[in-house]
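> following is a predicted model, sequence given first.
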Amino acid sequence: MTNKVTVLGSLNVDTILQITRLPKPGETMQMHNKQNAGGGKGANQAISAARSGAQTSFVGKIGADENGQMMKRLLAESMVDISQVTISEKDTGQAFILLQDSGENSILVYGGANHTITDDDVYQAKEQIQAADFLIAQFETPIEQTITAFNLAKQAQVTTILNPAPAKEASAQLFSLVDLITPNETEAELLTGIHVTDEESQHQAACKLQEMGVKNVIITLGSKGAFYRCGQTEGFVKAFKVDAVDTTAAGDTFLGALASQLQPDFSNIKEAILYANKASSLAVQKLGAIPSIPTYQQVKDQL
Ligand code: RIB
């Protein structure tokens, strides 16, 4: 069965600045290289789902500019339905990624058009939202419109997934609409106040998130793997060991790939996480967000 995935989210053109290390205040440094690539958490997650075989739709906003056209083209090339990508009076979102030789990155984001999504835009996409198996949203678009979209999804028994990135506090109203939340350690700590370091703290943070209203939790732990708590069932799926050149979009690749494989009742959560871990391990071995996201065949060939 092919999963239907709708993503409400951000589209950014990423400028990757390759540097030895971060500059100190007041210091001027040369970079080795710079290049543009498609990105934005929403677009990355949608393209990951689509490349892994999901029938995928996107709800988002771009500016009336070349970057917006580039993002629409990239989504369409990966067979994502772009009928609900509309034009804003603001410029298309942009991200500036400082990528150090160590593989670590620091990201500065200009939200632009991503911040102008309205309730009307969400209602216009009602069909795409209510026909999906999964609706995914992140924190690069306004939380109020995510609540509107999740309400529409719940009316039609669509499974909702919240990727609480970049880290931000959110309301009980939003959490009550979330079927699955997927923070990394930092985001889990910001949301729960629990410092996530080991299995016990992963368990505690997941339980706290359930107390806050979400039904199921996956905490992604980078090169270590992913911890899950579905209802009362818990488990851990180890990551694949690889040499990372660029971790940008590793989490987005994981999430899109997961949504493409997961049963809406979470019955195959372990297998779906294994698949998503492999997809993300392939993404970190290539430079850039969208250029690094693997296809279903590339993931399956390596599993
Ligand atoms: O998660 C990675 C993404 O975060 C990048 O593609 C960048 O656009 C920022 O939004």
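Nice, thanks for sending it over. Residues are numbered from 1 along each chain as shown.
> correct me, but residue 152 touches residue 126?
Yes - here residue 152 reaches residue 126: they are 5.7 Å apart, a contact under C-beta atoms under 8 Å. Any C-beta I mention is one placed from the backbone N, CA and C, and that applies to glycine too.
> quick one, which of those two is more surrounded?
Shown here are residue 152 and residue 126; by other C-beta atoms under 10 Å, residue 152 has more neighbours (20 against 16).
> which SS state does the nearest residue to the more buried one once chain neighbours are set aside fall under?
Spatially, and ignoring its direct neighbours in sequence, residue 152 is nearest to residue 129 (4.9 Å; C-beta to C-beta, 6 or more residues apart in numbering). What DSSP: H, G, I helix; E, B strand; the rest coil gives for residue 129 is helix.
> what residues are up against residue 129?
Applying C-beta atoms under 8 Å, 6 or more residues apart in numbering, we find residue 129 in contact with 6, 8, 59, 122, 135, 149, 152, 153, 156, 158.
> restricted to helices, list these.
Taking DSSP state H as the definition of helices, the contacts of residue 129 contribute 122, 149, 152, 153.
> for the first one, grab the count of nearby residues.
Applying other C-beta under 10 Å, we find 23 residues neighbouring residue 122.
> next one, pLDDT for it please.
Residue 122 carries a pLDDT value of 98.
> next: the second one.
The confidence metric pLDDT takes the value 98 at residue 149.
> when you give positions from now on, start the count at 85
New numbering, starting at 85: the last item is residue 233.
> I'd like to know how many residues surround it.
Counted with other C-beta under 10 Å, residue 233 comes out at 29.
> thought it was touching residue 221?
Yes - between residue 233 and residue 221 there is a contact under C-beta under 8 Å: 6.4 Å.
> list residues touching both of the two?
With C-beta under 8 Å, 6+ apart as the test, residue 233 and residue 221 both reach residue 92.
> show me the beta-bridge partners of the closest residue to residue 194 other than its chain neighbours.
Nearest residue to residue 194 in three dimensions, chain neighbours excluded: residue 178, at 4.5 Å (C-beta to C-beta, 6+ apart). When bridges are called by DSSP bridges, residue 178 pairs up with residue 97, residue 194.
> contact partners for residue 178?
By C-beta under 8 Å, 6+ apart, the neighbours of residue 178 are 96, 97, 98, 99, 151, 193, 194, 196.
> ok, and of the residues you listed, which contact the ligand?
Taking C-beta under 6 Å from any ligand atom as the test, the ligand is in contact with 96, 98, 193 out of the contacts of residue 178.
> quick one: the second one from residue 221, how far?
As for residue 98, its distance to residue 221 is 20 Å (criterion: C-beta to C-beta, to the nearest Å).
> what of the first one?
Distance check for residue 96 against residue 221: by C-beta to C-beta, it reads 16 Å.
> cool, the last one as well?
For residue 193, the distance to residue 221 (C-beta to C-beta) stands at 16 Å.
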